[in-house]
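1. This is a predicted model, with the sequence first.
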There are 2 protein chains.
Amino acid sequence: MKKIINEPGNVVREMIEGFIAAYGRHYRMLENENGIVRKDKKDKVGIVIGGGSGHEPLFIGFAGEGLADGVAMGNVFAAPPPNTVLEVTKAVDAGKGVLYLYGNYAGDVLNFDMAAELADLEGIRTRTVRINDDVASAPPERIGDRRGIAGDVLVFKVAGAAAEAGLSLDDVARIAQKANDATRSIGVALSPGTIPSSGKPTFTLAEDEIEFGMGIHGEPGIRREKLLPADELVDKLMEPLLADLPFVSGDEVVVLINGLGSTTLLELLIVNRRVAQVLQEKGISVYDTDVNSLCTTQEMGGMSITLMKLDDELKHYYDQPAFSPYYCKRKK
Amino acid sequence: MKKIINEPGNVVREMIEGFIAAYGRHYRMLENENGIVRKDKKDKVGIVIGGGSGHEPLFIGFAGEGLADGVAMGNVFAAPPPNTVLEVTKAVDAGKGVLYLYGNYAGDVLNFDMAAELADLEGIRTRTVRINDDVASAPPERIGDRRGIAGDVLVFKVAGAAAEAGLSLDDVARIAQKANDATRSIGVALSPGTIPSSGKPTFTLAEDEIEFGMGIHGEPGIRREKLLPADELVDKLMEPLLADLPFVSGDEVVVLINGLGSTTLLELLIVNRRVAQVLQEKGISVYDTDVNSLCTTQEMGGMSITLMKLDDELKHYYDQPAFSPYYCKRKK
């Protein structure tokens, strides 16, 4: 796979430099760590997000107004080192504590937990909410083992608004946890992405084959099948997705149709057409929808469907404005 | 190439239905034509954009506040039929005339010109500005033959703001033409996209080969070379790009680094890093930058660099807010 890069070992740093070259009006980068923070530091709870690089615009594109305050980035598909998380934490802390939000992967858990201990030694209080929206990654009885995928975006959105509103660390953490608990995703892979350092695909799939529930680093999914027409594919994904929370008639949801990299917006919109039909048939109303490639796996083909079930509190915070170069929401 | 679609012949209509299912709060679709229009119709000059589908989020994602009022869509890589353009024109006209903005391709020229004649018969005055930012598509002495690529976005942005400000049709057309005349792009292809109806790639390139100046439908470029490191590639693209207008020391520009589909944001940001370095070395200052995949060719690999040279008038309109699901700008 051809990539437009320089030194494969330097892609994350150069990416951050390119981001700051574009958006340095709003963000600054840390000198010795792969992290960025908002320039308009506010007197509020700080939110630090992060994880492996390679999923852009996640995570780098989700600091901003009503979103995160800082982003800690690891190498491609690798957790950020504890010291990166710590330095971002120190940069965003305004004395009101810092909330860590990240997808539930072993390496991230380890490193963010270590950073939390180090932050504690520096007198910075932290709380952690791990996002585990991927229903295909473990059965309901092992929900704590589930991984985080595109649902990250909705949790960042809600938590960011709660922090921006001036809530306490415990309240922001409570609302973030509630957003996570109300969010479910399921995805399908069509073709692999490649890691810049190796140039090799993360997995292989036959030309007519797809894999349900494959993870965003190529983690094994539930089963392989032949490629289906879009509507049939959506129906097969919606069934376990709706059953999981469950989402039922009378519920109100936010929808995110997320592309994994090379699946086109044309396809994602066709997916959303059927998702909206299914939700209407089930008596589930849609408060808001986004269709975009926000949590990618390099040029991986495929997509995921995310639903977040709203209550009045989640809706209130979801409805606040948000602004970053890659995610923009205005009040309804 | 696997695509998540239903009937290949129905992808555009289903895409529009999916778009309205997501964003129907702000847009409505025409009943019998593949067009969408803003719901918040205003007492101002209307702007109709359009072209072939398959380049999403262009064109469907560029109607909105401070942007276009209506979008006429053809089949994938095919111009919208005159009647589609006409019906969108009628839907957006508020009695102050309608400006057509589209990339300079023979089919689009033919069909928008026919629509303009039909609109005239209905008493709607139209003006047309064709976007021809692609410096690789014809030499300077045949500048009128050049094609429109990602520069479309910047022309839409400026013209949309001028219309939103209440200017006359002639003034909006003049400013759009000025924006186009100040805009240049150059691109490079790494891998082909596929047309949904055929499932076939639009061209072939060897595994280590790239093509400079290839068009967004696979039109032949200037030359093929071996894949280069990102910085060298950018340097090779910037030279003819800067020389063309020319852009010189003391100029102020807007930069758009555009991905063609499957080239990742990580790569695009690395490209921007070097573009910013080159501009700084040349004494050209950057007013604003966007790095995103806005004008795509399905899952084609590659990217383009666009520069728009600002004067006070263009800067004023560029700086106004814009909002659509895929393009969002706030006042600086």
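-> Looks like it came in fine.

2. So A:Asp288 belongs to a helix, correct?
-> No: according to DSSP: H, G, I helix; E, B strand; the rest coil, A:Asp288 belongs to no helix; its state is strand.

3. contacting residues around the closest residue to chain B within the stretch 51-200 of chain A?
-> Ranked by Cβ to the nearest Cβ, the top residue of the stretch 51-200 of chain A for proximity to chain B is A:Glu56, at 3.8 Å. To be clear about C-beta, it is placed using only N, CA and C from the backbone, and glycine gets the same treatment. Contact analysis of A:Glu56 by Cβ atoms under 8 Å, 6 or more residues apart in numbering or on different chains lists A:15, A:296, B:264-266, B:269.

4. Around chain B, which positions in the stretch 151-300 of chain A sit nearby?
-> With Cβ under 8 Å from any Cβ of the partner chain as the criterion, the stretch 151-300 of chain A comes near chain B at residues A:190-191, A:196, A:207-208, A:210, A:227, A:229-231, A:233, A:255, A:257, A:261-277, A:286, A:289-293, A:296, A:298-299.

5. What is the neighbour count of the residue nearest to A:Ala22 when sequence neighbours are not counted?
-> Of all residues not flanking A:Ala22 in the chain, B:Thr289 sits nearest, at 3.9 Å (Cβ to Cβ, 6 or more residues apart in numbering or on different chains). Neighbours of B:Thr289 under the rule other Cβ atoms under 10 Å in any protein chain shown: 22.

6. So B:Thr289 versus A:Pro325, what's the distance?
-> The span separating B:Thr289 from A:Pro325 equals 9 Å under the rule Cβ to Cβ, to the nearest Å.

7. hey, what's in contact with both of those two?
-> By Cβ under 8 Å, 6+ apart, the residues touching both B:Thr289 and A:Pro325 are A:22-23.

8. right, and the residue nearest to A:Ala22 touches A:Ala21 too?
-> Yes: with contact defined as Cβ atoms under 8 Å, B:Thr289 and A:Ala21 form a contacting pair (6.9 Å).

9. Touching both of the two, which residues are there?
-> B:272, B:276.

10. The helix or strand containing A:Ala243: which residues count as buried?
-> Following DSSP states H and E, one finds A:Ala243 within helix A:230-244. Buried residues in helix A:230-244, counted by 16 or more other Cβ atoms under 10 Å in any protein chain shown: A:230-231, A:233-234, A:237-238, A:241-242, A:244.

11. ok and the next helix or strand after that helix relative to helix A:230-244, angle-wise?
-> Following helix A:230-244 in sequence order, the next helix or strand is strand A:252-259 (DSSP H and E). Per axes from the mean of the first three to the mean of the last three Cα atoms, to 10 degrees, the angle that strand A:252-259 makes with helix A:230-244 is 130 degrees.

12. gap between strand A:252-259 and the chain center?
-> The chain centroid and the centroid of strand A:252-259 are separated by 12 Å under Cα atoms, centre = their mean, to the nearest Å.

13. what are the pairing partners of it, and which direction each?
-> Here strand A:252-259 has these sheet partners by DSSP bridges: strand A:285-292 (parallel), strand A:301-309 (antiparallel).

14. closest one to A:Asp134 among the ones you listed?
-> Of all the strands paired with strand A:252-259, it is strand A:301-309 that lies closest to A:Asp134, at 8.0 Å by Cβ to Cβ.

15. hmm, back to that, for the contacts of A:Glu56, pick the one with the most neighbours.
-> Highest count within those by other Cβ under 10 Å belongs to B:Thr264, 31 neighbours.

16. Now do the same contact list for it.
-> A:3, A:54, A:56, A:261, A:296, A:298-299.

17. buried sites along the one helix or strand A:Ala176 maps to?
-> For A:Ala176, the element it lies in under DSSP H and E is helix A:169-181. Judged by neighbour count (16+ other Cβ under 10 Å), helix A:169-181 contains these buried residues: A:169, A:172-181.
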